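Asks: model the following, please.
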Amino acid sequence: MNDSSPTRPAPVLDIWCELQCPDCRSALDDIRALRARYGDRLELRLRHFPLEKHKHAFAAAQAAEEAAEQGQGWPYVEAVLARVEELDREGEPFLVEVAGELGLDAEEFDTALVDGRHILIVDADQAEGKAIGVTGTPTYVIGGERLDGGKSQEGLRERIEEIADRLLAEQG
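Replies: Below is the predicted model:
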């Protein structure tokens, strides 16, 4: 018999992101602050929403999935976003280079980009994003509320914290 109460799952913050997006790079400070404040009490999920105007965004989303599979999803996302201009210039070779810099299996990265093993995940994220009204990045969804960061990041972290605090308080 187990006397402990079942643990409730953490509230989820979906972050609709594109790795070639300068606005998503600007959002990194807010994402880091949220992770520092809530730790594992708030689940941050990266959701892919590559925009057509960025020609390497779809490959970058697939690369992020490969990084997650190799155990370095967030560090990879942060490393790529920090160097958006290099991704603009160099494309897929840059994605493989970053993997190597992080100690990931760069050869496997290259293979994953060629064989497209993560395309379905990226396509599913993008389709879901479109279905809920995501039009740009970053866009956040928490507690059923969609917050568009593509227009302005101002006040978004505070609003996310208000919702997260409310959801956590409701859990007791």
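Asks: ranges for the helices of the chain?
Replies: For the chain, the helices defined by DSSP state H cover 22-38, 57-69, 73-81, 84-90, 92-101, 106-115, 119-131, 156-171.
Asks: include distance to residue 144, mean pLDDT and mean neighbour count when you put those helices into CSV, please.
Replies: Every residue, glycine included, has its C-beta placed from N, CA and C. Formatted as CSV, the helices of the chain follow (distance: least, C-beta to C-beta, whole Å; pLDDT from 0 to 100; neighbours: other C-beta atoms under 10 Å):
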stretch, distance to residue 144, mean pLDDT, mean neighbour count
helix 22-38, 18, 92, 16
helix 57-69, 25, 97, 23
helix 73-81, 24, 96, 19
helix 84-90, 31, 95, 15
helix 92-101, 34, 96, 19
helix 106-115, 34, 94, 16
helix 119-131, 14, 97, 15
helix 156-171, 9, 93, 15
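Asks: to residue 148, which of the ones you listed lies closest?
Replies: helix 156-171 (8.5 Å; C-beta to C-beta).
Asks: need the contact partners of the closest one.
Replies: If you take C-beta atoms under 8 Å, 6 or more residues apart in numbering as the criterion, helix 156-171 is touched by 8, 11, 13, 27, 30, 33-34, 37-38, 41-42, 140, 142-143, 145, 147, 149.
Asks: so that helix versus helix 22-38, what angle?
Replies: 40 degrees (axes from the mean of the first three to the mean of the last three C-alpha atoms, to 10 degrees).
Asks: quick one: closest of the helices of the chain to residue 47.
Replies: Across these, closest to residue 47 is helix 119-131 (C-beta to C-beta), at 4.7 Å.
Asks: the closest one packs against which elements?
Replies: strand 43-48, helix 57-69 (3 or more C-beta pairs under 8 Å, 6 or more residues apart in numbering; DSSP states H and E).
Asks: who are the neighbours in contact with the most centrally placed residue in the chain?
Replies: Note on the chain: the residue nearest the mean C-alpha position is residue 46, at 2.5 Å, using C-alpha atoms, centre = their mean. Counting by C-beta under 8 Å, 6+ apart, residue 46 makes contact with 15, 17, 64, 68, 73, 74, 77.
Asks: alright, calling it a day.
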